[in-house]
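Trainee: Got a sequence here, can you model it:
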Amino acid sequence: MFKKILIANRGEIALRVICACKELGIRAVAIYSEADRNSLHVRFADEAICIGPPQLAQSYLNIPAVISAAEIANVDAIHPGYGLLSENANFAEVCETCNIKFIGPTPEITRLMGEKEKARAAMKQAGVPILPGSEGIIADENEALEWARNLGFPVIIKASAGGGGRGMRIVRSEEELPALFKAAQAEAAAAFGNGDLYMEKFVERPRHIEFQILADQYGTVVSLGERECSIQRRHQKLLEESPSTGITPEAREQIGQVLCKTLSDIGYVNAGTIEFLMDQDRHLYFIEMNTRIQVEHAVTEMVTDVDLVKSQILLAAGERMEDVLHGPILSRGHAIECRINAEHPEKFTPSAGKITAFHPPGGTGVRIDTAAYTEGIIPPYYDSLIAKLIVRGKDREEAVSRMARALEMFIVEGIYTTIPLHRRILRDPEFRAGRVDTNFIERFLKAGKEHAA
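Mentor: Numbering: from 1, shown residues only. Predicted coordinates for the structure are as follows:
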């Protein structure tokens, strides 16, 4: 087992990994920028090392600085959390070269799944259904136009090296393709240092479903079921739940078996999430795989009682799956997560500043993952997520009621947050009926404006 782990991240996920380390008797080393000097992950870590100024490129994304901190602290392993360097194959390779265990899949698998078109090809070869799309990277606008005509409008252009909605454009006609192609290419190059694009047929009003897996070093892969992530704005998730109201038990079992065999065959290790779009006929199509822990991992933890972060650490240390899980995976009840962002709930503009009051809710079945606190500063340099509110109920109806109650009791003052938006979503009849898709928020916000008018 590892004796000391460095957490190459910040905020609530860094604190989450620290909790897992403490429960496993492992010393946790935090890194922090000058802007995060007073953050809770710095306070609760066993050691903390400042690695640079507030800007990401000079601190949390500075690989030499992160590795230097790891070597100074003499750690056995690095946990990358999510975002930042978590899916950077080069970083994983540097860790390997320095004899530091990267808590995640191998650099080769990270690179394969990180290049979205190669991941599509690998899944297609394994028999996992994928959306019709281009064969490889699109060279230029003319080739893009050819593919769009073959596939039929609408189509969606995506960044090969990206995620999170960056470098992504929906194209509904030939006339708008050139401008949208250039915009996607420029955005992808700026966000990922790689402007390569590919194209898929665009599915109208799909649901976004993802499956959580764990894999050990001995070929055993298990599925922990799915999460519904359809409620999102500009491809950024706002609310997630498990299980999905759109997946039958038979489909869950069948898809889980296919994914486990596929990932075992390619030698996948550690935690991962396979993302699908579901059309209105409930057909699933692979879109991408995330080779890391997800923001919404707590939803799966709540219904399975499996600690995914501790599992990551144990699997990276070479433990066998049976010694990590101690029995079959049993899912019970229903869980919902609301992402609480430091944003204006209507304008969606960032809201940095000092938190003057912070009172998280509690009670049966309520969990808060956060690094925020009263008098804490939300800096303007990083992601706007400040807390995750997760609840579990015996069924979806109880989970919805519990979340509504918890949101009413969640107090954050001094900055704007998305709490009022989530309160309105929880009251929406379509949401309560489980009738959601990736266009839900657009319809919801439009209906709200018309009602206000």
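
Trainee: where does the stretch 101-250 of the chain dip in pLDDT?
Mentor: Residue ranges of the stretch 101-250 of the chain with pLDDT under 70: 163-164.

Trainee: Now do the helices in it.
Mentor: Here the stretch 101-250 of the chain has its helices, by DSSP state H, counting those that start in this stretch, at 107-114, 116-125, 141-151, 177-192, 249-266.

Trainee: Which of the ones you listed sits closest to residue 96?
Mentor: Closest to residue 96 of the helices of the stretch 101-250 of the chain is helix 107-114 (C-beta to C-beta; 6.7 Å). To be clear about C-beta, it is placed using only N, CA and C from the backbone, and glycine gets the same treatment.

Trainee: Show me how far the closest one is from its chain's centre.
Mentor: Here helix 107-114 is found 17 Å from its chain centre; the criterion is C-alpha atoms, centre = their mean, to the nearest Å.

Trainee: Equivalent analysis for stretch 200-212, please.
Mentor: 15 Å.

Trainee: Let me see the contact set for the closest residue to residue 47 other than its chain neighbours.
Mentor: Leaving aside its sequence neighbours, residue 47 sits nearest to residue 29 (C-beta to C-beta, 6 or more residues apart in numbering; 4.6 Å). The contact partners of residue 29, by C-beta atoms under 8 Å, 6 or more residues apart in numbering, come to 4-7, 45-49, 69-70, 73, 75.

Trainee: Now, of those residues, which are buried?
Mentor: 4, 5, 6, 7, 45, 47, 48, 49, 69, 70, 73, 75 (16 or more other C-beta atoms under 10 Å).

Trainee: Break down the stretch 301-450 of the chain into its strands, ranges please.
Mentor: For the stretch 301-450 of the chain, the strands defined by DSSP state E, counting those that start in this stretch cover 334-341, 353-354, 357-359, 366-370, 377-378, 385-393, 411-413.

Trainee: To residue 86, which of the ones you listed lies closest?
Mentor: Evaluated with C-beta to C-beta, the strands of the stretch 301-450 of the chain place strand 385-393 nearest to residue 86, the distance being 14.5 Å.

Trainee: Contacts for the closest one, please.
Mentor: Here strand 385-393 has contacts from 11-12, 295-296, 298-299, 302-303, 333-342, 360-361, 365-372, 378, 399-403, 406-407, 410, 412, 417, 422, using C-beta under 8 Å, 6+ apart.

Trainee: redo that, cut-off 6 Å
Mentor: 298, 302, 333-342, 365-370, 372, 399, 402-403, 406 (C-beta atoms under 6 Å, 6 or more residues apart in numbering).

Trainee: which SS state does the nearest residue to residue 70 once chain neighbours are set aside fall under?
Mentor: Leaving out its chain neighbours, the residue that sits closest to residue 70 by C-beta to C-beta, 6+ apart is residue 6, at 4.6 Å. Using DSSP: H, G, I helix; E, B strand; the rest coil, the structure places residue 6 in strand.

Trainee: So what sits opposite residue 6 in the bridge?
Mentor: Taking DSSP bridges, one obtains residue 29, residue 78 as the residues bridged to residue 6.

Trainee: That one contacts residue 75, correct?
Mentor: Yes - counting by C-beta atoms under 6 Å, residue 6 does reach residue 75; the two are 4.4 Å apart.

Trainee: Quick check: buried residues in stretch 117-134?
Mentor: Under the neighbour-count criterion of 16+ other C-beta under 10 Å, stretch 117-134 has 117, 118, 119, 120, 122, 123, 128, 130, 131, 133, 134 buried.

Trainee: contacting residues for residue 329?
Mentor: Here residue 329 is in contact with 224, 304 (criterion: C-beta under 6 Å, 6+ apart).

Trainee: could you redo the last one with a cut-off of 7 Å?
Mentor: 222, 224, 304, 306 (C-beta atoms under 7 Å, 6 or more residues apart in numbering).

Trainee: What about the second one, how many residues nearby?
Mentor: It refers to residue 224. Residue 224: 24 surrounding residues under other C-beta atoms under 10 Å.

Trainee: cool, the first one as well?
Mentor: Residue 222 is flanked by 19 other residues according to other C-beta under 10 Å.

Trainee: Report the separation between it and residue 214.
Mentor: 5 Å (C-beta to C-beta, to the nearest Å).

Trainee: same thing with residue 394?
Mentor: 25 Å.

Trainee: which one of these two has more residues nearby?
Mentor: residue 214 (26 against 12).

Trainee: Tell me what the more buried one is bridged to.
Mentor: Beta-bridge pairing for residue 214 (DSSP bridges): residue 222, residue 271.

Trainee: give the contact list for it.
Mentor: Neighbouring residues of residue 214 by C-beta under 7 Å, 6+ apart: 222, 224, 271, 311, 315.

Trainee: So the second one is in contact with residue 305, correct?
Mentor: No - under the criterion of C-beta atoms under 7 Å, residue 224 lies out of contact with residue 305, with a separation of 10.4 Å.

Trainee: I'd assumed residue 228 was in contact with residue 210.
Mentor: No - Residue 210 is beyond contact range of residue 228, at 8.5 Å (criterion: C-beta under 7 Å).

Trainee: Check the burial of residue 269 by counting its neighbours.
Mentor: 20.

Trainee: What of residue 447?
Mentor: 12.

Trainee: how close does it get to residue 429?
Mentor: Here the criterion is C-beta to C-beta. By it, residue 447 lies 11 Å from residue 429.

Trainee: export the contacts of residue 214 to CSV and tack on distance to residue 190?
Mentor: As requested, the contacts of residue 214 are exported to CSV (distance: C-beta to C-beta, whole Å):
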residue, distance to residue 190
222, 38
224, 35
271, 29
311, 35
315, 35
